[in-house]
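J.: Pasting the sequence and the predicted coordinates here, then a few questions.
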Amino acid sequence: MMFYMMRVLLVVLMFSIGLSSCFGQTDSDTDSDGDLFKVPIAEDVVAGAERLDLLLPLLRSKEVGLVVNHSSLVGDVHLLDTLLALGISVDRIFALEHGFRGDADAGAHIQDSRDLTTGIPIISLYGSEKKPGPRQLDGLEVILFDIQDVGARFYTYISSMHYIMEAAAENGIKVIVTDRPNPNGFYVDGPVLDTEFRSFVGMHPVPVVHGMTVGEFALMIRGENWINQAAALELKVIPCLNYDHSMTYVLPVRPSPNLPNLRSILLYPSLCFFEGTNVSVGRGTELQFQLIGSPFYGRGDTVFTPVSMPGATHPPFINEECNGYSFSSQSIHEIAASRRLDLSHLIKMFEGFEPGNEFFLRNRFFDRLAGSDLLRKQILSGYNEEQIRESWQNDLKEFMNIRSQYLLYDDFQ
């Protein structure tokens, strides 16, 4: 334990004197010819949590709650351990979807527990309660949010942030967001959510790909009065250095169990729609969000069989053979260069579904992912991709005007 704490202190010292290392990695996330794709990778990024000279004065002598998971790193040391080594009083941890360690299945309820290393209580905000109550907040003066997001409306970390901000506003607690780059922050696209379809996989009237970091999104939530008592919330965002919205970003760790690499993260906004259909996105394989297929589809270029595995213990079509398509060898340059959602896969799978089998799930989860029932109705009516895209454009223009008020970094062109 003593050796570990000395290692934590050494890493903290390196950051405090400006020797922070680049998080961007390129290993398997390069084009097949070895060249990086044309959307540049952010290099020498300093995440908000690494800017200890700005962060520590805001936390000293305060009772602090952390909203963190496995992605909350300072170098290769967890933010919790970093703060404790520097004498910050961390009173409790709040756990979101996938849990504090980031290894729980998507949608799996997270239980209250304690951190085995420090004994600090862990309060679940992804179980029966998604918004902390006064009892769970009692005694806290600051809540620090440090979670790596991927820039899609249906990725639930921003929904949890909404509830945390609202609870903090109602209880007079300051919120600090230590920002991290958005790997899908180099474009904006998709239908804007109709608030009649508001759910935990889409709470705000923003497009599927919003092109904002969590820090910028937090400013928008407060500025647009999307939470109760928004004006009362004291909010501080500590921005990244060496990042802007022309860039993507190779994450140092996977942000959730089924997004294993940059390719899957870039494909995620387009492929996640399939979670509302009878089509697998590769959960239960080693190519999560790099495959699509179904037992009810007779075409394609690949066959795979989902199995139970960590992070996907009960994947759709477990132990069933699925026909479909693989994108695992697709150039990342090709995926990123279009700077748009790709609906062609969705339309192709729908058109090729075997007769007598339902494509859309009966629970209408697809509508919650899409933000309304319009996309589903357009596909059923035989709209092509460009017709569908045209129906988004006016709402996107309005959103872009709102978004511009909250940006902390230079925007893409």
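T.: Now that the structure is in, tell me what you want to look at. Numbers count the residues shown, from 1 in each chain.
J.: CA atoms for contacts and neighbours, from now on please.
T.: Fine.
J.: would residue 175 count as being in a helix?
T.: No. With the criterion set as DSSP: H, G, I helix; E, B strand; the rest coil, the secondary structure at residue 175 is strand rather than a helix.
J.: List the residue ranges of the protein that fall below the pLDDT cut-off.
T.: Counting by pLDDT under 70, the chain has low-confidence residues at 1-37, 97-112.
J.: Repeat the analysis, applying 90 as the threshold.
T.: Low-confidence segments of the chain, defined by pLDDT under 90, span residues 1-38, 95-119, 124-130, 257, 310-312, 331-333, 413.
J.: residue ranges for the helices of it, please.
T.: Counting by DSSP state H, the chain forms helices over residues 2-16, 52-59, 79-85, 134-137, 157-170, 214-223, 262-271, 332-337, 344-352, 365-370, 374-380, 385-390, 393-403, given from the N-terminal end onward.
J.: These into CSV, with extra columns for distance to residue 236?
T.: Supplementary listing: the helices of the chain in CSV, determined by distance: least, C-alpha to C-alpha, whole Å:
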stretch, distance to residue 236
helix 2-16, 20
helix 52-59, 9
helix 79-85, 18
helix 134-137, 18
helix 157-170, 11
helix 214-223, 9
helix 262-271, 28
helix 332-337, 31
helix 344-352, 40
helix 365-370, 30
helix 374-380, 37
helix 385-390, 36
helix 393-403, 18
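J.: Using a markdown table, please lay out those helices together with mean neighbour count and distance to residue 295.
T.: Formatted as a markdown table, the helices of the chain follow (neighbours: other C-alpha atoms under 10 Å; distance: least, C-alpha to C-alpha, whole Å):
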| stretch | mean neighbour count | distance to residue 295 |
| --- | --- | --- |
| helix 2-16 | 15 | 49 |
| helix 52-59 | 15 | 51 |
| helix 79-85 | 20 | 44 |
| helix 134-137 | 13 | 45 |
| helix 157-170 | 23 | 32 |
| helix 214-223 | 22 | 37 |
| helix 262-271 | 23 | 17 |
| helix 332-337 | 18 | 26 |
| helix 344-352 | 16 | 12 |
| helix 365-370 | 22 | 19 |
| helix 374-380 | 15 | 20 |
| helix 385-390 | 13 | 25 |
| helix 393-403 | 14 | 35 |
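J.: Among those helices, which comes closest to residue 282?
T.: Distances from residue 282 to each of the helices of the chain were compared using C-alpha to C-alpha; the shortest belongs to helix 262-271, at 10.2 Å.
J.: Let me know the angle separating that closest one from helix 344-352.
T.: Here helix 262-271 points in a direction 50 degrees away from that of helix 344-352 (axes from the mean of the first three to the mean of the last three C-alpha atoms, to 10 degrees).
J.: okay, now residue 60: neighbour count?
T.: 14 (other C-alpha atoms under 10 Å).
J.: Skip the chain neighbours and tell me the closest residue to it.
T.: In this structure, residue 60 finds its nearest non-sequential neighbour in residue 88, 5.9 Å apart by C-alpha to C-alpha, 6 or more residues apart in numbering.
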